[in-house]
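> Provided below for reference: sequence and predicted model.
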Amino acid sequence: MPNLRPDLSPEFRTLVAEIPEIGLKEYSRQLYEHAEANRPHIGKTLRDLPALTGAKALSGVVISAGPSVHRRRSIQRLVEAGYKGAVICVDGSYVACLKAGLIPDFVFTMDPGVKRMVRWFGDPDFEANSRGDDYFDRQDLDVEFRKNSLAQNEANIALVNRHASATKAIASSVLAANVTRRVKEAGFELYWWNPLVDNPHAQDSMTRRLFEINPLPCLNTGGNVGTAAWVFASMYLKLPRLAMVGMDYGYYIDTPLSCTQTYHELVHRNGGEKGLEKFFIEHVYPGTGEKYYTDPVYYWYRDGFLDMARKSKRTTYNCTEGGTLHGENIECVPLDAFLAGENGG
Amino acid sequence: MAESVLKGNFKTKNQVEVDKARAAQEKATDPKAIAQARKKQMLDHLGGSMVYVDRDTFTWDGETDAKPKA
């Protein structure tokens, strides 16, 4: 059960409580279909990952795709510092890494979405997949994608094709066919895994059924690619020092509600824009005292992450420099302080 | 004349297919069907795609794992 703050509105609480059931019910068939479709493509798995060596075995940074990545110039600062540890990025921050001159060791991708996810690697069907969808126009993850034109998309395709072979793609078995096709044609070395979406020992477990389709190692995703990448870095790569950037789980206070991830859905649920504020809640980041705000979905993700971090029995350095993520086993430090520690500072 | 202008006078790089689900929704006249389609769209976005329910297990690798790892 999620831990709910006492100052949440009843509507916020109700929605948070409904989220897990919504996701599982709505997506189960799609997950199975995608897992079946990907079966012929599966070669290497997480079990085949070569061990990291040198500086990359000692420390790593997970680059998620929250708005802080751009406001705090997190990727550029890693480049400027000459960071030598392992770099694990999520699909939504991969192109931003390449543009900054950072070639990630791993790119993590998992969402079964059919139309949107492929854009992170450059979408060969850009026009068809973007018609009638303002998701990227309202994107807070990477503002570059707001002005993503046909020409920009073509440039992204070329950029990804040029660098893909230098990065291992950590690919979930439930990717949509167009994403699988795209990452294969781009030239990534693929390592497959299954999403762990429920208790595999429970009766009628979805995870077990996915495992029966493709007997791949299963990772808990925490519901979002940032958390899943952290689970991968913590539990598979077992990096002794692990930092995260871009893990906001919320919005800067100057972000309009209309630019939040689930704005349209919340307006629909609310029956209009009037009173929509009840689906959002402010949050003070303890490192700086700055205010942020979050919505029910990010609140749910954040709560799940905090639970998992608590049980991980290891410290993770949150170098997001803002947002809503802090708690047991999560040490919020500026990125520069983490990087100084890398050099014995 | 107007129709030909509306259709466009250029060719797209890739074959553009009509989004069948969206087209069906737009054509639907039954209020229940429309409401159901909209609810489905809303839930798709609100629920996320990978919402997990088990917070105790980090990894699992089949029966070689006697017990899920936390």
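Good, I have the coordinates. Since the model is a prediction, treat every value here as computed from it, not as a measurement. Numbers count the residues shown, from 1 in each chain, chains lettered A, B, ... in the order given.
> What ranges does chain A have for its strands?
A:59-63, A:86-90, A:106-109, A:168-172, A:189-196, A:218-220, A:241-245, A:251-252, A:281-284, A:291-294, A:316-318, A:330-332 (DSSP state E).
> closest to chain B out of those strands?
With CB to the nearest CB, the closest approach to chain B among the strands of chain A belongs to strand A:218-220: 4.4 Å. Bear in mind the C-beta positions are built from the backbone N, C-alpha and C, glycine included.
> need the strands of chain A in JSON lines with mean pLDDT, mean neighbour count and distance to chain B, can you?
Putting the strands of chain A into JSON lines (pLDDT from 0 to 100; neighbours: other CB atoms under 10 Å in any protein chain shown; distance: least, CB to the nearest CB, whole Å) gives the following:
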{"stretch": "strand A:59-63", "mean pLDDT": "97", "mean neighbour count": "27", "distance to chain B": "15"}
{"stretch": "strand A:86-90", "mean pLDDT": "97", "mean neighbour count": "26", "distance to chain B": "13"}
{"stretch": "strand A:106-109", "mean pLDDT": "97", "mean neighbour count": "28", "distance to chain B": "12"}
{"stretch": "strand A:168-172", "mean pLDDT": "97", "mean neighbour count": "25", "distance to chain B": "8"}
{"stretch": "strand A:189-196", "mean pLDDT": "96", "mean neighbour count": "24", "distance to chain B": "5"}
{"stretch": "strand A:218-220", "mean pLDDT": "94", "mean neighbour count": "28", "distance to chain B": "4"}
{"stretch": "strand A:241-245", "mean pLDDT": "97", "mean neighbour count": "25", "distance to chain B": "14"}
{"stretch": "strand A:251-252", "mean pLDDT": "94", "mean neighbour count": "21", "distance to chain B": "16"}
{"stretch": "strand A:281-284", "mean pLDDT": "93", "mean neighbour count": "16", "distance to chain B": "16"}
{"stretch": "strand A:291-294", "mean pLDDT": "94", "mean neighbour count": "19", "distance to chain B": "14"}
{"stretch": "strand A:316-318", "mean pLDDT": "96", "mean neighbour count": "23", "distance to chain B": "13"}
{"stretch": "strand A:330-332", "mean pLDDT": "95", "mean neighbour count": "17", "distance to chain B": "16"}
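> Quick one: closest of the ones you listed to residue A:134.
The minimum distance between residue A:134 and the strands of chain A falls on strand A:251-252, with 17.0 Å, by CB to CB.
> can you pull the buried residues of stretch A:158-167?
A:159, A:160, A:163, A:164, A:167 (16 or more other CB atoms under 10 Å in any protein chain shown).
> go on, stretch A:230-248?
For stretch A:230-248, by 16+ other CB under 10 Å, it's A:230-237, A:239, A:241-248.
> So which of the strands of chain A is nearest residue B:56?
Nearest to residue B:56, of all these, is strand A:218-220, at 9.1 Å by CB to CB.
> and the strands of chain A as TSV, adding distance to residue A:33?
Putting these into TSV (distance: least, CB to CB, whole Å) gives the following:
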stretch	distance to residue A:33
strand A:59-63	29
strand A:86-90	24
strand A:106-109	18
strand A:168-172	14
strand A:189-196	14
strand A:218-220	18
strand A:241-245	32
strand A:251-252	33
strand A:281-284	36
strand A:291-294	32
strand A:316-318	34
strand A:330-332	36
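> and of those, who's closest to residue B:61?
Closest to residue B:61 of those is strand A:218-220 (CB to CB; 6.8 Å).
> Show the model's pLDDT score for residue 70.
Since you didn't name a chain, this refers to chain A. Note on residue A:70: pLDDT of 92.
> You answered for a different chain; I wanted chain B.
Value listed for residue B:70 in the pLDDT field: 54.
> same thing with residue A:213?
So, for residue A:213, pLDDT stands at 96.
> Give me the neighbour count for the spatially closest residue to it that is not a sequence neighbour.
Leaving out its chain neighbours, the residue that sits closest to residue A:213 by CB to CB, 6 or more residues apart in numbering or on different chains is residue A:35, at 4.5 Å. Burial measure for residue A:35: 24 neighbouring residues, criterion other CB atoms under 10 Å in any protein chain shown.
> before we move on, back to that, quick one, which of the strands of chain A is nearest to residue A:73?
Residue A:73 lies closest, by CB to CB, to one member of those: strand A:241-245, at 10.0 Å.
> Give me the helices and strands touching that closest one, please.
strand A:59-63, helix A:74-80, helix A:225-231, strand A:316-318, helix A:335-342 (3 or more CB pairs under 8 Å, 6 or more residues apart in numbering or on different chains; DSSP states H and E).
> Residue A:303 contacts residue A:5, doesn't it?
No - Residue A:303 is beyond contact range of residue A:5, at 9.7 Å (criterion: CB atoms under 8 Å).
> the more surrounded of these two?
residue A:303 (21 against 12).
> For residue A:183, see how far away the more buried one is.
For residue A:303, the distance to residue A:183 equals 31 Å [CB to CB, to the nearest Å].
> same deal with residue A:221?
Counting by CB to CB - residue A:221 and residue A:183 are separated by 18 Å.
> Of those two, which one has the most company?
A count of neighbours by other CB under 10 Å puts residue A:221 above the other of residue A:221 and residue A:183, at 29 against 25.
> Give me the phi and psi for that one.
In terms of degrees, to the nearest 10, the main-chain angles of residue A:221 are phi -90, psi -20.
> so it touches residue A:195, yeah?
Yes - here residue A:221 lies in contact with residue A:195, judged by CB under 8 Å, at a distance of 4.9 Å.
> wait, residue A:76 sits on residue A:100?
Yes - counting by CB under 8 Å, residue A:100 is a contact partner of residue A:76 at 5.2 Å.
> what bits of the chain have low per-residue confidence?
By default, I'm working from chain A. Within chain A, the ranges that satisfy pLDDT under 70 run A:1-2, A:21-26, A:135, A:137-148, A:343-345.
> please go with chain B instead
The model of chain B has pLDDT under 70 over residues B:1-54, B:64-70.
> All set, thanks.
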